[in-house]
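Trainee: give me coordinates for this.
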Amino acid sequence: MPLSDKQTAVLKGMIAALLVCALALIAGALLLSETLLTEDTLAGRFLLPAKSGLAISLWLLAAIGVLARHRFFTPEDIDGSGLTEGTVTARRLQAVLQNTLEQTVLAVIAYGCFALLAPIQYLGALPAAALLFWIGRTLFWLGYGKGAGGRAFGFALTFYSTAMLLIATLVLAIL
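Mentor: Numbering: from 1, shown residues only. Next comes the predicted model:
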């Protein structure tokens, strides 16, 4: 069964994001690690994911704030999604918020696990992942209104950077 145009667009975005994530995380691990931690201490290993988590949490703050602002200034939406169907804009902003929440929670968990379990020489992957998260969220948000193909690369950039860190952490924990 051939893929639809939307499926093809999503697949292209996913493949491109997968390649970008792999290259960026490897580059981060190899190029940034020497400058991040001069000494392998528990405090240092907590500080790095805290900074990365703080950086990506700003997207969650923005998504909540934009939806709240919209609801406040839109009489049809001021009662919230639990009491109204919501306008098209409110539903779109809620979808972006929900996805951002999911992505942020998974990333914070992955960052913490990676920081504690990965060898010090690989920790440069954390700021690289946070940068990919930022770029991915930006592209996801801007492309959301264009449909699945318009948001695919941004979604995948956010997700794959986190998934790769989580899988790497799992492999490191087993070995």
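Trainee: tell me who's in contact with Pro49.
Mentor: The contact partners of Pro49, taken as Cβ atoms under 8 Å, 6 or more residues apart in numbering, are 108, 111-112, 114-115, 126. All C-beta spots, glycine's among them, are computed from the backbone N, C-alpha and C.
Trainee: from the residues you listed, which land in strands?
Mentor: Of these, none are assigned to strands by DSSP state E.
Trainee: can you lay out the residues you listed as CSV showing pLDDT?
Mentor: As requested, the contacts of Pro49 are exported to CSV (pLDDT from 0 to 100):
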residue, pLDDT
Val108, 97
Tyr111, 97
Gly112, 96
Phe114, 96
Ala115, 94
Leu126, 95
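Trainee: any chance of these in JSON lines, with distance to Leu170 and neighbour count too?
Mentor: Shown next, in JSON lines, are the contacts of Pro49 (distance: Cβ to Cβ, whole Å; neighbours: other Cβ atoms under 10 Å):
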{"residue": "Val108", "distance to Leu170": "17", "neighbour count": "19"}
{"residue": "Tyr111", "distance to Leu170": "14", "neighbour count": "28"}
{"residue": "Gly112", "distance to Leu170": "14", "neighbour count": "19"}
{"residue": "Phe114", "distance to Leu170": "10", "neighbour count": "27"}
{"residue": "Ala115", "distance to Leu170": "14", "neighbour count": "25"}
{"residue": "Leu126", "distance to Leu170": "16", "neighbour count": "27"}
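Trainee: now do the buried residues in the helix or strand of the chain with the lowest mean pLDDT.
Mentor: Scoring the helices and strands of the chain by mean pLDDT, DSSP states H and E places helix 33-36 at the bottom, with a mean of 70. Across helix 33-36, burial judged by 16 or more other Cβ atoms under 10 Å covers 33, 36.
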